[in-house]
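**Q** What follows is a predicted protein model with its sequence.
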Amino acid sequence: MTTSRSAADAVPGHDPLDYVESRSPGDGRQPPRAGFVSDAAALDLDGTWQFRLAAGLHDLTPGFEAPDLAHAGWGTIAVPSCWQLDGIPGAPRHGAPAYTNQVFPFPVDPPRVPDANPTGEYRREFTLPEDWPFEDGASVLRFEGVDSCFALWLNGARLGDGKGSRLPTEFGTAGLLRPGRNVLAVRVHQWSAGSYLEDQDMWWVSGIFRSVRLLHRPSGGIDDVFVHADFDPVTGEGVLRVDAVAGPDARITVPELGLDLAPGETARVPVQPWTAETPRLYDAVIATAAERVPLRVGFRRVAVEDGLLTVNGRRILLRGVNRHEWHPETGRTLDRATMLQDIELMKRHNINAVRTSHYPPDRTFLSLCDELGLWVIDECDLETHGFHLNGWRDNPSADPAWREAYLDRMSRMVERDKNHPSVIMWSLGNESGTGDNLRAMADWTHERDPARPVHYEGDWDSGYVDVYSRMYADHDETDRIGRRAEEPTTDPELDGHRRSLPFILCEYAHAMGNGPGGLSEYQRLFEQHPRCQGGFVWEWIDHGIRQHTPDGRGFFAYGGDFGEPVHDSNFVADGLVFPDRTPSPGLVEYKKVIEPVSIAIDAASATVSVRNGQDFADTAALRWLWQIEDGGEPVADGECAFPVVPAGETVFVPWPAELRKAAGTAAGGERWLTVRAVLATDLPWAPAGHEVAWQQTLLEALPAVRAVAPGSAPVRSGRLLTLGPAEFDVRSGRLARIGEHAVEELRLDLWRAPTDNDLRGWRGSVAERWRAAGLDRLEHKVLAVEPGADGLTVRARVAAAGTDAAMAADYRWSVPEDTPDRLWLTLEVRPTGEWPFPLPRLGVRATVAPSLSTVTWFGAGPGEAYPDTRAAARVSRFRSSVAGLQTPYLFPQENGARTDVRWARLTDEAGEGLLVLGAPHFGLSVRPWTSEDLDAARHPTDLVPRDALYVNVDLAQQGIGSASCGPGVLPAHRLLPGPAVLTVGFQAVTD
Ligand code: GAL
């Protein structure tokens with residue numbers, strides 16, 4: 001049975017459900033304090049809870065909190081979890097996840113929320129252990145995260161209510177906790193006044209999604225502790241002072257440093273400092289007779305000095321990512337293994353910084369960052385972006401009625417996380433416009449923790465923050481900011497202040513789908529301008545939700561897949577790792593671009609140099625391996641003996657004797673030297689041998705493969721023209737086969753399935769222009785088929801319906817007399833009429849038999865690469881199945897192109913197949929479906945292999961850019977229409 005809202009009223013004139021739409025952050029809560037684990041008694045309340053989902057406040061269970069309530073008809077749910085994900089990867093059992101970026105999925109009427117307010121009723125019985133120390137002190141119930149608002153009852157009595165989804169809340173249990181059986185009842189509302197402050201770009205999911213514990217608080221124990229562990233870079237001393245709210249006998253001991261201090265007492269001792277590169281921690285304990293709390297102390301000094309952000313007196317360079325908490329099956333509930341996996345993946349990809357976008361993470365994550373070493377910007381759980389769509393009217397940031405809620409959120413984050421050395425900056429939140437409540441948060445934070453700078457991107461004037469932060473500023477603007485020559489502030493009074501600040505891009509390089517492009521160019525600016533201290537790629541992970549098609553094939557759902565009436569589609573899939581944490585090509589590219597050591601090889605002087613781009617660590621952890629390959633086949637390898645290179649320095653060494661000797665032998669193919677930096681020993685985040693950085697240089701080029709002998713003449717028989725190994729149709733001039741292999745429909749191709757970056761664009765969608773021009777529906781009109789003495793020429797005009805713009809395409813086929821098995825095509829393309837946009841691609845497409853499904857190539861690889869995402873592709877010989885060449889972006893789009901290919905073989909199981917030869921290089925894509933299929937698909941499971949392989953051989957492709965949120969393709973990487981010539985050879989071969 002359910003009851004109406006008024007019937008649930010206990011106190012006449014006061015609606016006990018008012019808290020839901022109250023701006024108040026909560027009632028009955030304990031003051032915020034540091035997150036720590038102690039030896040005091042504790043009871044873990046995670047596990048299976050009774051659960052019922054009510055449709056709204058009108059549908060609540062009467063007497064829901066009563067200890068003896070019968071649970072007839074109730075289900076169960078795991079705590080912690082997000083209730084909308086219960087049932088995933090099958091159908092959600094309670095409601096469904098919904099995705100929006102900025103737009104609130106309910107009418108904007110703060111602080112009111114819809115009547116349809118799904119409300120989870122949670123109940124849990126627990127039995128206290130017999131030795132629970134009732135006689136001493138008190139106990140608190142601690143919730144690490146409840147989304148978005150809740151009230152709770154212990155043994156039928158109300159303890160209070162709270163908001164602030166990604167922040168901890170504690171409630172005292174005075175006089176209510178009983179020996180033996182206890183009943184905890186928690187009511188959680190999906191929507192509340194707090195939802196107006198939590199409009200982050202992510203799935204709306206709800207529930208008790210982080211752990212719950214009952215903690216004993218012994219009298220004379222330790223209620224709060226604030227470790228101030230400064231490092232003096234001049235003397236090399238650590239300066240330790242620990243403030244505590246604790247029993248009078250509290251002592252702080254650091255055995256390794258021989259310290260035994262009272263709270264508030266300061267000690268100076270020589271220490272090794274903490275940095276993200278050298279995460280040195282000292283074990284410490286704060287103890288009273290009643291309680292012991294282990295601490296891990298990292299000594300470091302963060303400062304903004306002389307216009308730079310420094311740690312321990314040195315400028316740091318942030319090679320960062322924005323990390324949301326996400327798992328494709330459990331949503332924002334993560335276990336420790338997943339958090340560790342994130343950090344290991346980041347460290348293995350040279351990432352050194354995380355912005356916890358856009359809320360404080362599970363605090364276990366920060367402990368792991370302390371241990372393994374990452375710089376962290378800890379961001380408050382605050383975003384009011386949806387008000388922007390209403391001209392920022394009623395934005396809570398500027399409304400004093402919300403001040404308490406803002407300050408409450410900030411203090412709960414700072415108090416919880418203040419003892420983590422990895423946290424080097426506090427962020428007020430994200431995209432919450434401007435207003436005095438933000439300034440009040442900054443003021444409070446500066447007062448409470450003067451040792452950490454404050455960050456907030458949303459107020460560009462930067463009046464109350466310590467770093468100038470922006471998102472998605474393009475390369476030119478970043479360059480101007482780097483030179484401190486940016487546009488003035490809106491308030492002229494603030495200009496001098498902002499110009500004196502260091503600069504970071506708290507978001508850049510939007511990793512949606514294929515891309516991001518342009519990373520190398522950003523990195524050059526960060527290295528060139530001291531003021532530009534790096535940035536944080538948007539974002540770490542695609543927030544896809546695991547689902548299956550009716551026939552059991554897995555895919556990752558995005559916005560709209562759960563029937564949401566308002567949603568932002570696949571904009572939630574914009575990470576460097578796929579939802580299952582498989583690295584995407586974007587992460588591999590980022591790893592290369594941000595290498596902490598830069599290797600340069602100079603063949604002329606036979607030297608290698610290493611610049612150590614780290615800010616603190618030397619290179620003692622690395623070994624330097626060299627290898628020579630001819631035509632992609634290894635011919636010699638060895639190790640370079642490098643001296644240890646201090647941070648920031650460069651060292652040159654001559655090639656070792658064996659390398660010089662090997663390089664002096666006759667090359668058996670195009671010869672490349674590769675030097676790689678690998679870990680010399682196991683580190684906590686990667687095993688010995690893990691590659692950190694690499695560089696290649698060409699030692700010897702090969703003469704062009706293209707023969708110059710005269711070509712032979714085609715022979716006609718009936719409808720066929722035979723030219724060497726190839727057969728053509730006499731009338732259409734179409735190629736039909738090469739040797740035994742059908743090669744069909746070969747013709748000029750300008751189309752690619754638009755990427756997310758092609759589709760969206762701050763300055764308009766280039767894909768829309770392509771489609772308007774009909775590049776996806778080009779018609780090929782054959783104008784002439786001209787057999788000649790030295791080959792066959794086919795002239796065509798390629799154009800779309802409705803326009804007189806066209807590409808003249810002349811196909812010249814020849815078979816040189818000295819290589820009678822080899823067919824060459826020289827395609828000459830000439831635009832006529834107006835082509836006022838870059839082309840998606842320029843090349844030919846053909847079909848071959850599906851059996852030719854193994855691809856071997858000599859060229860750049862192993863992964864996909866485009867003009868502005870090719871840093872990570874190295875020249876060697878690679879082999880892959882056709883399936884392995886595809887990148888399964890959550891929203892299908894152009895992918896999988898291999899670049900700078902010298903030759904490629906497509907072979908069947910017997911090793912028979914086709915060789916494609918570049919003159920000198922080409923871009924290669926091979927897929928079991930067409931670009932049109934890719935374009936039409938909404939999920940990878942929509943793609944069904946056809947009875948052919950589609951082979952694209954490109955002269956070039958348009959770059960990728962980052963226009964889905966940020967700058968488009970830089971001029972150097974645009975494929976502008978103009979006369980062009982593609983030469984490529986074909987030959988039937990046996991592997
Ligand atoms: C930013 C925002 C992020 C995300 C990104 C686009 O404006 O801070 O949360 O929405 O754009 O993916």
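**A** Noted; the coordinates are in hand. Given the structure is predicted, the values throughout are model-derived calculations rather than measurements.
**Q** what's the spacing between the residue nearest to residue 799 when sequence neighbours are not counted and residue 256?
**A** Once flanking residues are discounted, residue 799 sits nearest to residue 806: 3.8 Å by CB to CB, 6 or more residues apart in numbering. Using the backbone N, CA and C atoms, a C-beta is placed for each residue, glycine as well. The gap separating residue 806 from residue 256 is 77 Å, by CB to CB, to the nearest Å.
**Q** and what of residue 97?
**A** Using CB to CB, residue 97 is found at 47 Å from residue 256.
**Q** So what does the closest residue to residue 402 other than its chain neighbours have for phi and psi?
**A** Distances taken as CB to CB, 6+ apart put residue 396 closest to residue 402, at 3.9 Å, once the chain neighbours are dropped. The phi/psi pair for residue 396 (degrees, to the nearest 10) reads phi -60, psi -30.
**Q** From the ligand, how far out is residue 396?
**A** Using CB to the nearest ligand atom, to the nearest Å, residue 396 is found at 17 Å from the ligand.
**Q** about what we covered before: looking at residue 97 and residue 256 now, which is surrounded by more residues?
**A** Taking neighbours as other CB atoms under 10 Å, residue 97 and residue 256 compare with residue 97 leading, 24 against 13.
**Q** just checking, the more buried one touches residue 204?
**A** Yes - counting by CB atoms under 8 Å, residue 97 does reach residue 204; the two are 6.9 Å apart.
**Q** what residues do those two have in common as contacts?
**A** Residues touching both residue 97 and residue 204 by CB atoms under 8 Å, 6 or more residues apart in numbering: residue 84.
**Q** in the strand or helix carrying residue 721, what counts as buried?
**A** Secondary structure assignment for residue 721, by DSSP states H and E: strand 720-723. Across strand 720-723, burial judged by 16 or more other CB atoms under 10 Å covers 721, 723.
**Q** So what touches it?
**A** 712, 714-716, 727-730, 736, 787, 791-792, 813-815, 823.
**Q** Neighbours of whatever residue of the stretch 1-150 of the chain ends up closest to the ligand, how many?
**A** Residue of the stretch 1-150 of the chain nearest the ligand, by CB to the nearest ligand atom: residue 101 (5.3 Å). Residue 101: 17 surrounding residues under other CB under 10 Å.
**Q** in this protein, which spans are helices?
**A** Ranges of helices within the chain are 336-348, 363-372, 403-417, 436-448, 475-482, 495-499, 519-528, 585-593, 657-664, 756-759, 766-772, 931-936, based on DSSP state H.
**Q** Now do the fourth one, average pLDDT.
**A** Averaging the model's pLDDT scores along helix 436-448 yields 98.
**Q** quick one: that helix to helix 403-417, angle?
**A** 30 degrees (axes from the mean of the first three to the mean of the last three CA atoms, to 10 degrees).
**Q** Show the backbone phi and psi for the residue of the stretch 1-150 of the chain closest to the ligand.
**A** For residue 101, the backbone dihedrals (degrees, to the nearest 10) come out as phi -80, psi -80.
**Q** State the pLDDT value of residue 991.
**A** Note for residue 991: predicted pLDDT of 77.
**Q** what about it, neighbour count?
**A** Neighbour tally, residue 991, other CB under 10 Å: 12.
**Q** Show me which positions of stretch 809-825 end up buried.
**A** For stretch 809-825, a neighbour-count test (16+ other CB under 10 Å) marks 809-816, 819, 822-825 as buried.
**Q** Excluding covalently adjacent residues, which one is nearest to residue 566?
**A** residue 105 (5.4 Å).
**Q** Please determine how far that neighbour is located from residue 385.
**A** Going from residue 105 to residue 385 by CB to CB gives 13 Å.
**Q** if you count what's nearby, which of the two comes out ahead?
**A** residue 385 (22 against 17).
**Q** isn't that one right up against residue 432?
**A** Yes - counting by CB under 8 Å, residue 385 does reach residue 432; the two are 7.2 Å apart.
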